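Novice: Fold the following.
(chains A, B, C and D)
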There are 4 protein chains.
Amino acid sequence: MKALVYHGPGIKAWEEVADPVIIDDTDAIVRVEVTTICGSDLHIMKGDVPAVTDGRILGHEAVGTVTAIGAAARRVKVGDRVLVSCITACGTCSYCRDGHAGQCLGGGGWILGHKIDGTQAELVRVPFADLSTYPIPDGVSDEAVLMLADILPTGYEVGVLNGHVRPGDVVAVVGAGPIGLAAIIGSRLYSPTTVIAIDLADSRLDAAKSFGADVTVNNSRDDPLAVVRSLTGGLGADVAIEAVGTAATFELATTLIRPGGHVANIGVHGTSATLHLEDLWIRNVTITTGLVDASSTPTLLRLIGSGQPDAGRLVTHHFQLDEMEHAYDVFADAANSGALKVVLSATSE
Amino acid sequence: MKALVYHGPGIKAWEEVADPVIIDDTDAIVRVEVTTICGSDLHIMKGDVPAVTDGRILGHEAVGTVTAIGAAARRVKVGDRVLVSCITACGTCSYCRDGHAGQCLGGGGWILGHKIDGTQAELVRVPFADLSTYPIPDGVSDEAVLMLADILPTGYEVGVLNGHVRPGDVVAVVGAGPIGLAAIIGSRLYSPTTVIAIDLADSRLDAAKSFGADVTVNNSRDDPLAVVRSLTGGLGADVAIEAVGTAATFELATTLIRPGGHVANIGVHGTSATLHLEDLWIRNVTITTGLVDASSTPTLLRLIGSGQPDAGRLVTHHFQLDEMEHAYDVFADAANSGALKVVLSATSE
Amino acid sequence: MKALVYHGPGIKAWEEVADPVIIDDTDAIVRVEVTTICGSDLHIMKGDVPAVTDGRILGHEAVGTVTAIGAAARRVKVGDRVLVSCITACGTCSYCRDGHAGQCLGGGGWILGHKIDGTQAELVRVPFADLSTYPIPDGVSDEAVLMLADILPTGYEVGVLNGHVRPGDVVAVVGAGPIGLAAIIGSRLYSPTTVIAIDLADSRLDAAKSFGADVTVNNSRDDPLAVVRSLTGGLGADVAIEAVGTAATFELATTLIRPGGHVANIGVHGTSATLHLEDLWIRNVTITTGLVDASSTPTLLRLIGSGQPDAGRLVTHHFQLDEMEHAYDVFADAANSGALKVVLSATSE
Amino acid sequence: MKALVYHGPGIKAWEEVADPVIIDDTDAIVRVEVTTICGSDLHIMKGDVPAVTDGRILGHEAVGTVTAIGAAARRVKVGDRVLVSCITACGTCSYCRDGHAGQCLGGGGWILGHKIDGTQAELVRVPFADLSTYPIPDGVSDEAVLMLADILPTGYEVGVLNGHVRPGDVVAVVGAGPIGLAAIIGSRLYSPTTVIAIDLADSRLDAAKSFGADVTVNNSRDDPLAVVRSLTGGLGADVAIEAVGTAATFELATTLIRPGGHVANIGVHGTSATLHLEDLWIRNVTITTGLVDASSTPTLLRLIGSGQPDAGRLVTHHFQLDEMEHAYDVFADAANSGALKVVLSATSE
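Specialist: Numbers count the residues shown, from 1 in each chain, chains lettered A, B, ... in the order given. Take a look at the predicted model:
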């Protein structure tokens, strides 16, 4: 088959590789019908994720059809159309049994396109397939479902649930890229009064408005802290969600919240940040970090099945699978291309 | 009357001052029977708390008898023996109504010995007296009750409750001074399997053992991370409580917890710390800070009334009120004096 | 002044009474601009609430202007326009300090129009005025704010929050009268996938649809259990909210939920119900009851200030204050009048 | 092999049956070393549980050694010594993934000795063995571990956790049989100030004291409500745990709690009860029911491994496996035998 193979920092190719086969008896093989590229794939291409080694097929998001299953698969059947989640769950370890598969100790967690071959390919092997794939609900487009492989559960669990967004809250979202938009979409499920999106690019802020931000701040021009304070009687936001992954944006998020507020970090960080404990020690703040567990995936599938939110709107560009390299370029050049999520589809035969 | 008056960094005196009088109609005047010195008083003496200005009477902990009340006091009566809490509550602002008086917006919070005159005096004016004092339960010593003015609720709320200590947990407490001991005492109320105390002084670690630590680590000699890992199958502690107030101890605490664990900061910090987001972003950690709200004070009063915990054991030294300056010296020289909490009592007439 | 005075079961009159005066120093006197009639007022008129005695002015909901304050009122000023909540809070007892003023032990709770004279009058004395009234936000109609005196916080706190409604849930609301509609409005703040309204009157079910019910069941014709099961793969609803106050509707609610689900009782009950523990013991159900605490009133004020929900739509009929007796008739005859909430306004001078 | 076989109400025999064999590839066969009899086994013998049919081997609690495993077992190995839990978990359904295996939709839940053959036998087949058995910690007796097959997690999860027992609480436990004692043991992990045990038998109340009850009430002589009120300033208990399973004891529990309190039902009920909503609607009560999920089993294993609580003390009588019928008689005649838990051991060869 063909797949997008990583060959070290900066080097990748859409090339011929061996088809995946069942290794463990809980595996399934899935023919990929749509997949996408994640911001973390770009991090990998920069060499920021050393666990990814030469020869690895990238990608951790897909919708497709099961073509083979191991002997111990119970729920998944050949022919099932499924969502392949970015999180693989062994189902047996203490973390999986508690709903925290992102921290799986039994061989799962984020492994696709990271520690094992991933979904940017014509076929993918999915371990623990009963627990790591989800049936597709009726009446929902593949593209909308694909947004539940990673980005929407990540924004919802790591941003909205960790941040304890509640009705009536003021929520500041630092960063209006795809993951920030997912956090905005997820926040709206809890009826905040005001969602404030903060970014350096007006085009992203326009997108934020279209996904439900009430107020936007371009922090190349305006002071987010001043805006947040003016909207909150000087107190600060109830929740600040960090959706970029830099020290500066994290530090900004910690300044925006009121005493007793929550900072929910979603961003992938490559360096440390400064935590201003000399200010924060007395302010009853809660700061959370996290990898998605995908525990919300069934809930989000029900929600998009009922029409809220319209996840498919995150998709800005469409390609064929064999245009993968070009799709990476378009996605990486979001500033010019305006790309949010790009979808790659298998050619129908 | 006589009181301990702050005259700028390093300068204080037990001197004659005017008696306090009722200013607001919710005030009470309390004759101090026992008071104590807090670590934050030492911070003030170093000049770390600029809100404290020349002429301020220090102290925010007392047990005494009400000698006068304002016209609007409803619950407190002249002659009542009461605990004066470090936290004053207006009772009307959004924080007070939600149980978070430490963040009071209506003129309360930590004000005694900070923004208004405090308890290291023969008499003290207590604003919002109905909400800021507590009746003394029968059968409990004044000294034990005095420990509920600040240290025990702080260890319990900011350490144990914020840290979500649960039965069966492994809890690491960084710092075994008075506040660390209070966190250990509070943790035991939730039946952890293992409390690990970490400090540089063997004498403090001995105290930690006597208050319920199962394991002690002198981190001038041994590696706390290695000990915690060996006790947790390599995973890390469920909860790490920071009870010192330095960047180094905070950073240590963040390394000790398992994925999904909690870091509860109690320490008063004068500088920023480094937050290693490059490690922590993926580990689902929760970090909390906080000033005590004293919302647990009634619960803790019931508990010490029923004999658990034996709060009075924290008191190592006794003085008369007019020995205040000497008591400061003994308390400040804890390394040699072995002082945990020092109690100063009014001379009975 | 004129007021609606109760003179025993079935007997009431809009009659001349003495103006209220300040009694306690935390009181305020409020000139009523708009008030309304509650289902519980009808219960009182039937004699179901024996604590209400001859001579009592009824009513526990109002918007008006402060005309006098006691010496200890700190926040409320003469001339303030305020919402008078159905719940009075002493602010000092253990329940008030924990956010549960509905259970106030210090002389508050539901007292207006119950244990003391109420709001269906030209003037009303409001005890603990700082804690029992709320400033009116800009840009919101008096009628919309009036809905926050009782019905919306009750539906939200006792129905939605007690019932733990969460995004993606299936919520069954038994009873589509005003309080059931308030529960539907409140549920929508948490983005359930499906709200099922159940009532015997098609007109109420039509109202339910207009306030956000996705599915309606007239249980004079159709079986609610069959509908709920068909919508939930046989499992049952996540949450069932009882909004009537009869044994039959409560028992229905307990049959509708899935294992692990919540039954939130809002209804005022005059008799006991049968609890089918022989079925329920094994099903991990949670059943809650409650009087509103009004702890959500500030949050709901912010929400209606931001345009969600449109509370004013609950108002179907308008009267002048001196049409009070007629307004009772129209409200009591909801089956024919279609009344949801009726608003009575003072004549502008 | 030999096993205790049910042959309809009142009829059972320790008789020769076929050895169990692996059916599903996630099964294990366990040689029973110790097992016990549960109150629910007595219910089955009375015919109260019609799902149990003629020929069924009873029992749902055991400690033993794995003698065979299916092809898909990953964690469990032949030769492992394991605790067999009363709850079997498929690990894949929505309830199992959320930690609520008691409500398993995938073929688990309470099935042993109920829907499939159980543990009162020389050998037992355990489905989903990776998720339904637990390794035995070092240094703990088999008898103590056996108490974690059902009774201790049931008392802890369904009584203590559902009841939200918190430090400083007053907890009333209605019924001081084995499950009531388990609830007392579990409550102590949360440091209540007062545990009140209520029963008709003085011998059981003596046992309650020895397991940590502070106050006992024989309700054949004394009025539990009067005692609870006298201990709580008239308010009522924070938590009432029903540990009998009759309408009368459930109704008693609902009278004992304060406004805002929790009633946690553990008892197995064969009939309905009366719920006095005319009193309870206004009191903000929470009532829970539940079958154990065994989600606390790992935590409790850690706790008994650390010496708290001393679970083995619940065992009052010892028998050989082939004395099973006699052991049933002794257990059923607890009033005279004083039996709490009886343990049956395989004869060592």
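Novice: Show me what from chain A comes close to chain D.
Specialist: Within chain A, the positions near chain D by Cβ under 8 Å from any Cβ of the partner chain are A:25-26, A:71-72, A:74-75, A:89, A:91-92, A:94, A:96-99, A:106, A:130-131, A:295, A:298. From N, CA and C alone the C-beta is placed, and that goes for glycine too.
Novice: For PyMOL, write the select line for the buried members of these.
Specialist: With 16 or more other Cβ atoms under 10 Å in any protein chain shown as the burial test, the buried ones among the residues of chain A next to chain D are selected in PyMOL as follows:
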select buried, chain A and resi 26+72+74+89+91+92+94+96+97+98+106+130+131+295+298
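Novice: from the residues of chain A next to chain D, which ones fall inside helices?
Specialist: Using DSSP state H, A:Ser94, A:Cys96, A:Arg97, A:Asp130, A:Leu131, A:Pro298 are the members of those that sit in helices.
Novice: Tell me which helix or strand in chain A has the weakest average pLDDT.
Specialist: The helix or strand of chain A with the lowest confidence, counting by mean pLDDT, DSSP states H and E, is helix A:334-337 at a mean of 92.
Novice: Neighbouring strands of the helix or strand just after that one in the sheet, and parallel or not?
Specialist: Tracing the chain past helix A:334-337, the next element assigned as helix or strand by DSSP states H and E is strand A:341-345. When pairing is defined by DSSP bridges, strand A:341-345 lines up against strand A:28-36 (antiparallel), strand A:315-320 (parallel).
Novice: on that earlier part again, closest one of the ones in helices among the residues of chain A next to chain D to B:Gly175?
Specialist: Here the nearest of these to B:Gly175, counting by Cβ to Cβ, is A:Ser94; it sits at 29.0 Å.
Novice: which one is the residue most central in space within chain A nearest to, not counting chain neighbours?
Specialist: In chain A, the residue lying closest to the centroid (Cα atoms, centre = their mean) is A:Ile151, at 2.5 Å. In this structure, A:Ile151 finds its nearest non-sequential neighbour in A:Ala182, 4.7 Å apart by Cβ to Cβ, 6 or more residues apart in numbering or on different chains.
Novice: Please give me every residue in contact with that neighbour.
Specialist: Residues near A:Ala182 by Cβ atoms under 8 Å, 6 or more residues apart in numbering or on different chains: A:Met147, A:Ile151, A:Leu152, A:Thr154, A:Gly155, A:Tyr156, A:Gly159, A:Leu314.
Novice: Please dump those into TSV; it should also carry pLDDT and secondary structure for every row.
Specialist: Formatted as TSV, the contacts of A:Ala182 follow (pLDDT from 0 to 100; DSSP: H, G, I helix; E, B strand; the rest coil):
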residue	pLDDT	secondary structure
A:Met147	97	coil
A:Ile151	97	helix
A:Leu152	97	helix
A:Thr154	98	helix
A:Gly155	98	helix
A:Tyr156	98	helix
A:Gly159	98	helix
A:Leu314	95	helix
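Novice: Adding distance to C:Gly233 as columns, could you present those in TSV?
Specialist: Output for the contacts of A:Ala182, formatted as TSV (distance: Cβ to Cβ, whole Å):
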residue	distance to C:Gly233
A:Met147	24
A:Ile151	27
A:Leu152	23
A:Thr154	27
A:Gly155	27
A:Tyr156	23
A:Gly159	30
A:Leu314	29
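Novice: Any figure for the gap between the residue of the stretch 1-150 of chain A at minimum distance from chain C and A:His318?
Specialist: Going by Cβ to the nearest Cβ, chain C is nearest to A:Pro137 of the stretch 1-150 of chain A, at 10.9 Å. Distance, A:Pro137 to A:His318, by Cβ to Cβ, to the nearest Å: 22 Å.
Novice: pretty sure A:Ile282 contacts B:Asp293?
Specialist: No - applying Cβ atoms under 8 Å, one finds A:Ile282 not in contact with B:Asp293, separated by 11.8 Å.
Novice: Can you tell me which of the strands paired with strand A:341-345 is most buried?
Specialist: With neighbours taken as mean count of other Cβ atoms under 10 Å in any protein chain shown, the strands paired with strand A:341-345 reach their highest mean count in strand A:28-36, at a mean of 24.
Novice: Determine how far the helix or strand that comes right after it lies from the middle of the whole chain.
Specialist: Per DSSP H and E, the first helix or strand lying C-terminal to strand A:28-36 is helix A:39-45. Centroid separation for helix A:39-45 versus its chain: 12 Å, with Cα atoms, centre = their mean, to the nearest Å.
Novice: Mind listing what's buried along helix A:39-45?
Specialist: Residues of helix A:39-45 classed as buried: A:Gly39, A:Ser40, A:Asp41, A:Ile44, A:Met45 (neighbour count, 16+ other Cβ under 10 Å).
Novice: Identify the residues contacting the fourth one.
Specialist: Contacts were defined as Cβ under 8 Å, 6+ apart; by that measure A:Ile44 touches A:Tyr6, A:Val52, A:Leu58, A:Gly113, A:His114.
Novice: Among the contacts of A:Ala182, pick out the one closest to chain B, please.
Specialist: Closest approach between the contacts of A:Ala182 and chain B, by Cβ to the nearest Cβ: A:Thr154, at 11.7 Å.
Novice: State the mean pLDDT of stretch A:239-255.
Specialist: What stretch A:239-255 shows for mean pLDDT is 98.
Novice: where does it sit relative to the chain's centre, distance-wise?
Specialist: 17 Å.
Novice: Does that stretch reach chain B?
Specialist: Yes - for stretch A:239-255, a contact with chain B is found by Cβ under 8 Å from any Cβ, at A:Gly245, A:Ala247, A:Phe250.
Novice: Which of the helices or strands spans the last one?
Specialist: In this structure, A:Phe250 is located in helix A:247-256 according to DSSP H and E.
Novice: C-terminal to that helix, what's the next element?
Specialist: Next along from helix A:247-256, by DSSP H and E: strand A:257-265.
Novice: Contacts for the following helix or strand past that following strand, please.
Specialist: Next along the chain after strand A:257-265, taking DSSP H and E as the criterion, comes strand A:273-275. Here strand A:273-275 makes contact (Cβ under 8 Å, 6+ apart) with A:Ala247, A:Phe250, A:Glu251, A:Thr254, A:Ile287, B:Phe250, B:Ser272, B:Ala273, B:Thr274, B:Leu275, B:Leu277.
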